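Colleague: Everything below, folded, please.
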Amino acid sequence: MKTKILLMLAVILSSAALSSCMTIFSNSRQTVTFMGEDGTRIYDGTNNVKLSEIKDGGVTTVKLKKKLSDKIMIAKKEGYKNTPFIIESQFNPKALWNILFWPGFLIDLGTGKINKYDPVIYNIEMEKE
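Modeller: Numbers count the residues shown, from 1 in each chain. Model (predicted):
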């Protein structure tokens, strides 16, 4: 009787601890790097929130929350046309480990960890007005 209870407890604890394989292999945020001219500001295109500004060195890095859909961004700089661009979201093959515990697919789908942004480096070229 005790062994059955201990076995059930072990199964419940292990399934709770490993409920989502992507929790082990991936974060819900991903680092994306933007390269361009100093003073270029990077905005989220959906809500027009400033995420970062390219300063000395011509590079800035931002941690973006992963989503199932592509992310629209806008680069702005005084004297230049606003430049929209898309950060593409792709399926993360590491999520296939969820075959071992299928409810993990649902958890990873809800948290966005089932996808990744690729590429992670964007060179921003802007036109003068």
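Colleague: And for Thr31, the neighbour number?
Modeller: 11 (other C-beta atoms under 10 Å). For every residue, glycine as well, the C-beta is placed using N, CA and C.
Colleague: any weak-confidence spans in the chain?
Modeller: 1-2, 6-25, 102 (pLDDT under 70).
Colleague: So which residues of it form helices?
Modeller: Per DSSP state H, the chain carries helices over the ranges 2-17, 21-25, 103-111.
Colleague: Just give me the residue closest to the centre of this protein.
Modeller: Lys66 (2.8 Å; C-alpha atoms, centre = their mean).
Colleague: ok, Arg29 - contacts?
Modeller: Lys63, Leu64, Lys65, Lys66 (C-beta atoms under 8 Å, 6 or more residues apart in numbering).
Colleague: how many other residues sit next to the residue nearest to the last one when sequence neighbours are not counted?
Modeller: When the adjacent residues along the chain are set aside, Lys66 lies closest to Gly112, with 3.8 Å between them (C-beta to C-beta, 6 or more residues apart in numbering). By the other C-beta under 10 Å criterion, the neighbourhood of Gly112 contains 20 residues.
Colleague: Also Leu106?
Modeller: So Leu106, with other C-beta under 10 Å, has 13 neighbours.
Colleague: Repeat that for Gly104.
Modeller: 23.
Colleague: And Met35, how far from Ile124?
Modeller: Going from Met35 to Ile124 by C-beta to C-beta, to the nearest Å gives 7 Å.
Colleague: hey, what's in contact with both of those two?
Modeller: Common neighbours of Met35 and Ile124 (C-beta under 8 Å, 6+ apart) are Ile54.
Colleague: In terms of packing, which of these two has more residues around it?
Modeller: The residue with more neighbours, out of Met35 and Ile124, is Ile124; 18 against 15, by other C-beta under 10 Å.
Colleague: picking up where we left off before, residue contacts, the residue nearest to Lys66?
Modeller: By C-beta under 8 Å, 6+ apart, the neighbours of Gly112 are Ser28, Lys65, Lys66, Lys67, Leu68.
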